[in-house]
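Student: This is a predicted model, with the sequence first.
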Amino acid sequence: MVKSALKRLVDLTAVALGATAPGRLFYSRITTQAMSRVREVEHRGVRLKFATPNALNVYRAETFATKEPETLEWIDSLPEGSVIWDIGGNVGLYSCYAAKARKCRVFAFEPSVFNLELLARNIFLNGLTDRVTIVPLPLSGELAVNTLNMISTEWGGALSTFGESFGHDGAPMQKVFEFATIGLTMVDAHQLLRIPLPDYVKMDVDGIEHIILRGGIPILRQVKGVLVEINDQFLEQDSEARRVLTEAGFTLKAKKHADYFDTIGEDAAKYTFNQIWTR
């Protein structure tokens, strides 16, 4: 109740300020200053800088080494100079780490208009423009125009879904925003956009992983390893992802998540793991 009341107070204050010229100037300065805030993190001797315009991105920076330690461990195991497709790049934490720690050539697929600026800023902040390429389109099971459905318009937000009405756990999503864009398959990304074939694929798109994998079998057959986030309780996603990856010649090596997710009381988090597939 207190949180709701404070939010209401802030909203009313924001409306009042926005109605005046000094208030609008104040807003402009706040936004500019927010985008200039940066946090520096370090993991295994690798130092990175990330833009932190809001609380969510501060959280992402502060938990960089602890939220998905299995992802960092997987990246650390990759041969230097590998080509990685980071499908669901968000604001680029792992794209930047792979590029800097392992000198990887990364293609970061991220369709959210609210994340793209931060992704670009983070790549620039870390001097990785020559190693990380932004692909501002969603991957899907077919080449088609459809909507990116979003539950948040927050900078650094997640849990959006392209062309489907379900979310990361298979349940109907509570959409607050949408826009039409072009989705393409992994095959299209290589053949039409001439993106180099990946040595490794990291995928976290909060719901349609199995659909993307299904449309990318010809590419997957040439990939050395895959890390993909799967919810065990989303049975269609889990079974289809396993079928496709097995058909492509992979074996499930491990599925992991941080111990933290077993204690926070959210079923979706408890049953969501990063699956690591190898040949």
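Tutor: Arrived safely.
Student: hey, what's the closest residue to Ala61 other than its chain neighbours bridged with?
Tutor: Excluding its sequence neighbours, the residue lying closest to Ala61 (C-beta to C-beta, 6 or more residues apart in numbering) is Arg39, at 3.9 Å. (Each C-beta comes from the backbone N, C-alpha and C, glycine too.) Under DSSP bridges, the beta-bridge partners of Arg39 are Phe50.
Student: can you count the residues close to Arg39?
Tutor: For Arg39, the count of nearby residues is 15 (other C-beta atoms under 10 Å).
Student: switch to numbering from 59
Tutor: New numbering, starting at 59: the last item is Arg97.
Student: how about the helices in the stretch 59-208 of the chain?
Tutor: With DSSP state H, counting those that start in this stretch applied, the stretch 59-208 of the chain shows helices at 60-76, 79-94, 113-120, 127-134, 151-159, 171-183, listed in chain order.
Student: Tell me which of those helices sits most buried.
Tutor: Across the helices of the stretch 59-208 of the chain, the average number of neighbours (mean count of other C-beta atoms under 10 Å) peaks for helix 151-159, which reaches a mean of 25.
Student: got the angle for that one vs helix 113-120?
Tutor: Counting by axes from the mean of the first three to the mean of the last three C-alpha atoms, to 10 degrees, helix 151-159 lies at 40 degrees to helix 113-120.
Student: Helix 151-159: how far from the chain's middle?
Tutor: Between the centre of helix 151-159 and the centre of its chain there are 13 Å (C-alpha atoms, centre = their mean, to the nearest Å).
Student: Report all helices and strands that that helix contacts.
Tutor: strand 104-109, helix 127-134, strand 141-145, strand 163-167, helix 171-183, strand 190-193 (3 or more C-beta pairs under 8 Å, 6 or more residues apart in numbering; DSSP states H and E).
Student: Leu278 is nearest to which of these?
Tutor: strand 141-145 (10.6 Å; C-beta to C-beta).
Student: Show me the strands paired with the closest one, marking each as parallel or antiparallel.
Tutor: Strand 141-145 is paired, per DSSP bridges, with strand 163-167 (parallel), strand 258-261 (parallel).
Student: Make JSON lines out of these and add distance to Ala72.
Tutor: Formatted as JSON lines, the strands paired with strand 141-145 follow (distance: least, C-beta to C-beta, whole Å):
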{"stretch": "strand 163-167", "distance to Ala72": "32"}
{"stretch": "strand 258-261", "distance to Ala72": "37"}
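Student: Let me have the ones you listed in TSV, adding mean neighbour count, distance to Thr336 and mean pLDDT as columns.
Tutor: Putting those into TSV (neighbours: other C-beta atoms under 10 Å; distance: least, C-beta to C-beta, whole Å; pLDDT from 0 to 100) gives the following:
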stretch	mean neighbour count	distance to Thr336	mean pLDDT
strand 163-167	24	20	98
strand 258-261	24	10	98
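Student: among these, which is nearest Ala299?
Tutor: Minimum separation from Ala299 across the strands paired with strand 141-145 (C-beta to C-beta) falls at strand 258-261, 9.3 Å.
Student: Using PDB, list the CA coordinates for whatever helix or strand comes next after that closest one.
Tutor: Counting by DSSP states H and E, the next helix or strand C-terminal to strand 258-261 is helix 267-272. Provided in PDB are the C-alpha atoms of helix 267-272 (Å, rounded to 0.1, in the frame of the first residue of the first chain):
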ATOM      1  CA  GLU A 267      12.800 -20.400 -27.600                       C
ATOM      2  CA  HIS A 268      11.300 -23.600 -29.000                       C
ATOM      3  CA  ILE A 269       9.800 -21.800 -32.000                       C
ATOM      4  CA  ILE A 270      13.100 -20.100 -32.900                       C
ATOM      5  CA  LEU A 271      15.000 -23.400 -32.500                       C
ATOM      6  CA  ARG A 272      12.400 -25.200 -34.700                       C
END
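Student: and helix 267-272, what does it pack onto?
Tutor: So helix 267-272, by 3+ C-beta pairs under 8 Å, 6+ apart, packs with strand 258-261, strand 283-289, helix 293-305.
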